[in-house]
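In: Starting from these lines, generate the structure:
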Amino acid sequence: MELAGKVLVAMPAMEDPRFIRSVVLICAHGPDSAMGLILNKPSQELNFDGLLRHLGISAGEDCREIQVHYGGPVERGRGFVLHSADWLGGAGKGDSTMMTVPGGYHLTATLDILEAIARGEGPEQALLALGYAGWGPGQLEGEILRNDWLIADVSADLVFQAEDEAKWMLALKALGIDPLVLSPTAGRA
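Out: This is a model prediction of the structure:
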């Protein structure tokens, strides 16, 4: 089962506090690993202006504020910008886009995208995440079989436009699921 470009929606019984009510975009998935970004957990520690100052990047007059998110528990000091396909960064001088994510997204992990956003340039839509969610061989598939996650298609509105606190509910509704009827226990027929 190919999961790249899909979102994982945490089931109500999710016990790991890092993932309770999470919506995770799977950016890469293969037999040896999976990598994703939590889309709906804003950082409690840092805002975009503070991050720019920390990195020594000056914010111009046209700089727009971007919410900094907790992307997951792995490499929390590393930043990732998930963005629309309208910006390819250093294309022509060594493309800075780290990865293309199915569904029309790009994932960039270099400073040039933050510098572009600080100048009022860069992608039209962007989400900044510190850290990522990672799984080893078969780990994610095991969690899905254990009923920890639902799998859903993703939309740019869910990723970039929806309020963080509404994303979990919106992802469930997109699946046609009322969270009040979800059972917190897994079962097999």
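
In: my guess is I113 contacts L88, does it?
Out: No - with contact defined as CB atoms under 8 Å, I113 does not reach L88; the gap is 10.0 Å. In short, each C-beta sits where N, CA and C put it, glycine included.

In: Which of the two has more residues huddled nearby?
Out: Regarding I113 and L88, a neighbour count based on other CB atoms under 10 Å identifies I113 as having more, with 28 against 16.

In: which residues of this structure score low on pLDDT?
Out: For the chain, applying pLDDT under 70 flags the ranges 90-97, 183-189.

In: What are the buried residues along the top helix by length along the chain?
Out: Of all the elements of type helix in the chain, the one with the most residues (DSSP state H) is helix 164-174. Applying a neighbour-count criterion of 16 or more other CB atoms under 10 Å, the buried positions in helix 164-174 are 167-172, 174.

In: Would you enumerate the residues in contact with L37?
Out: Listed by CB atoms under 8 Å, 6 or more residues apart in numbering, the contact set of L37 reads 24-25, 27, 69, 71-72, 80, 82, 107, 127, 129, 132-133.

In: for E141, same thing?
Out: M1.

In: Reduced to three states, what does it come out as?
Out: Look at E141: counting by DSSP: H, G, I helix; E, B strand; the rest coil, its state is helix.

In: now it: how far from G36?
Out: Between E141 and G36 the computed distance is 14 Å (CB to CB, to the nearest Å).

In: try D164
Out: Distance, D164 to G36, using CB to CB: 16 Å.

In: so what's W135 closest to, chain neighbours aside?
Out: Once flanking residues are discounted, W135 sits nearest to A34: 4.3 Å by CB to CB, 6 or more residues apart in numbering.

In: Wait, that neighbour touches M1, no?
Out: No - counting by CB under 8 Å, A34 stays clear of M1, with 10.9 Å between them.

In: Which one's more surrounded, those two?
Out: Using other CB under 10 Å, the more surrounded residue of A34 and M1 is A34, with 24 against 8.

In: Could you list everything that one pairs with in the sheet?
Out: In this entry, A34 is beta-bridged to H29, W135, by DSSP bridges.

In: Run through the residues that contact it.
Out: Going by CB under 8 Å, 6+ apart, A34 touches 3, 26, 28, 134-135, 139-140.

In: The same query, at a cut-off of 10 Å, please.
Out: Neighbouring residues of A34 by CB atoms under 10 Å, 6 or more residues apart in numbering: 3-4, 8, 24, 26-28, 133-141, 143.
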